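[1] Next comes the sequence, and after it the predicted model I'd like to discuss.
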2 protein chains.
Amino acid sequence: MFETESMDAVFRALAHGGRRKILDLVSAKPGCRVGDVCTHFEMSRIGVLKHINLLEAANLLISEREGRERRLYFNVVPIQTIYERWTTEYSGLWAGRLTRLKYEVESTRNDSANPNTLRDRSHRDTRDNQEQDQ
Amino acid sequence: MFETESMDAVFRALAHGGRRKILDLVSAKPGCRVGDVCTHFEMSRIGVLKHINLLEAANLLISEREGRERRLYFNVVPIQTIYERWTTEYSGLWAGRLTRLKYEVESTRNDSANPNTLRDRSHRDTRDNQEQDQ
DNA sequence: AACATTGGTAACTTAATGGTTACATGTTCC
DNA sequence: GGAACATGTAACCATTAAGTTACCAATGTT
């Protein structure tokens, strides 16, 4: 719906705990180098390097060459974009209107006669492997 | 750092465009059923089902049986948790203090004499395949 | 010049994901 | 009861992702 291609890269980059840890490290020590990040992992240097590169490709890290060193900086912008996506898309939820409803659903679990039923069915699912209208 | 196991599931669940789309659909039509979601995908019904199950495992969807049907509801809570994680962890950034710095780094790219250099090096990387101190 | 340091490529192995088809189970409707 | 329906399970295949080792290329240092 509101998906951009770059957003997908960001989401995928964030899907890895090690990479999130890298973001933590770099944001704690802006300007640190590849080797500095590596010291915090059991993994091989190349393993870490690939994660760093992936993060940079997603624009979550910015790197800057300085002689033989490579300085790393964390870039908040993509995460802010994601934040906007959720707050815009699910604005109602964040505003608290539906949030309360959800909490009720989660805790009580007995509003079995939910009025918000979907009845716009139009798919032909008979005997598996249907192809649907996009 | 601030990682919980459940948070990892959430991040991984969000890493797939199709699953994010499912969240969009369900949050737009709370209480819709599995089949309803399927109509919006080219994929086979089972493919979609697995994504739905994964989302439920990550607690991003809540489902409720009603006869032979399964009603789906979006659960904001995990996303709120993630939001907290970022805003807490990178609070300085969101507060705008470091954010400005980052923007400068991104736009100008010539603060080559960054004072924030990390010099706590202590790893022995000589000839690859080092094991580091955790 | 010689050598340690820092970073990067290339090629490969293994594990995880995304997706499929075929079959199974419980429900509603006649 | 029996047909159509909604959902689910099992077994499997293809692709991608994660990580490894071995080697390469600059840059500093003495």
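    Happy to help now that I have it.
[2] Tell me, how many residues neighbour the residue nearest to residue A:86 when sequence neighbours are not counted?
    Counting by Cβ to Cβ, 6 or more residues apart in numbering or on different chains, residue B:79 is the residue found nearest to residue A:86 once chain neighbours are left out, at 6.0 Å. Backbone N, C-alpha and C define where each C-beta goes, glycine included. Neighbourhood size, residue B:79 [other Cβ atoms under 10 Å in any protein chain shown]: 20.
[3] again, but for the one 5 residues further on
    Applying other Cβ under 10 Å, we find 11 other residues in the vicinity of residue B:84.
[4] And the residue of chain A found nearest chain B, its phi and psi?
    Using Cβ to the nearest Cβ, the closest approach of chain A to chain B is made by residue A:15 at 3.5 Å. Main-chain torsions, residue A:15, degrees, to the nearest 10: phi -80, psi 0.
[5] contacting residues around it?
    Residues near residue A:15 by Cβ atoms under 8 Å, 6 or more residues apart in numbering or on different chains: B:11-12, B:14-15.
[6] Go again with 7 Å.
    Residues in contact with residue A:15 (Cβ atoms under 7 Å, 6 or more residues apart in numbering or on different chains) are B:11-12, B:15.
[7] and the closest residue to it other than its chain neighbours, how far is that from residue A:39?
    Once flanking residues are discounted, residue A:15 sits nearest to residue B:15: 3.5 Å by Cβ to Cβ, 6+ apart. Residue B:15 sits at a distance of 27 Å from residue A:39 (criterion: Cβ to Cβ, to the nearest Å).
[8] What is the least confident helix or strand in chain A?
    Here the helix or strand of chain A ranked lowest by mean pLDDT, DSSP states H and E is helix A:97-108, holding a mean of 39.
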